[in-house]
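# below: sequence and its predicted model.
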Amino acid sequence: MSQREVAADTLAAIEAHRKAFRMKYWASDYIKPDSDPEQHGVTMCMAGWVCYVLGYTLLGVSGLAINPDNSDRKWHVSQLAGEALELTFLQAWHLFYETDEEQALRILDELADGLGFPNELIKRAV
């Protein structure tokens, strides 16, 4: 999937389950791709939502995810999501660790529209 597709699919999933989106909380419980997070009272951050949309099983507060086809390998959600969204390390760090819900959704919307990441938002080390 392209950056635009991943961003658009993730945005649509979050909008369909808005109560389950919180940037300050990783997946609050195990969540499989075929389950409804809102129904189970689960919240996920942006990286968790990207992984959920891509079909990964989230392993609760560990911040890890597994591919159901290869459950021997665990990945951190920020690494998987950053790669899926084609972000640099700094872009991924900013999106996943330095934004609130409103900012994260705005960035995801720009990615879905093909505008790219708004690099002016990244705090520069001086």
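Everything's here; your move.
# can you pull the buried residues of the longest helix seen in the chain?
Longest helix of the chain, by residue count under DSSP state H: helix 3-16. Of the residues in helix 3-16, 3-4, 6-11, 13-14 count as buried by neighbour count, 16 or more other C-beta atoms under 10 Å. In short, each C-beta sits where N, CA and C put it, glycine included.
# likewise for stretch 86-97?
Using 16+ other C-beta under 10 Å as the test for burial, stretch 86-97 gives 86-87, 91-92, 94-96.
# in helices only, show me those.
Short answer: the buried residues of stretch 86-97 in helices (DSSP H) are 91-92, 94-96.
# strands along this protein, start to end?
In the chain, the strands defined using DSSP state E lie at 30-31, 57-59, 64-67, 70-76.
# which of those strands is buried the deepest?
When the strands of the chain are scored by mean count of other C-beta atoms under 10 Å, the highest mean neighbour count falls to strand 57-59 (a mean of 22).
# pull the residues that contact that strand.
26-27, 30-33, 44, 48, 51-52, 64-68, 71, 74, 77 (C-beta atoms under 8 Å, 6 or more residues apart in numbering).
# from the chain's centre, how far out does that strand sit?
Averaging C-alpha positions (C-alpha atoms, centre = their mean, to the nearest Å) puts strand 57-59 12 Å from its chain's average.
# tell me the strands beside that strand, with direction?
Within its sheet, and counting by DSSP bridges, strand 57-59 is paired with strand 30-31 (antiparallel), strand 64-67 (antiparallel).
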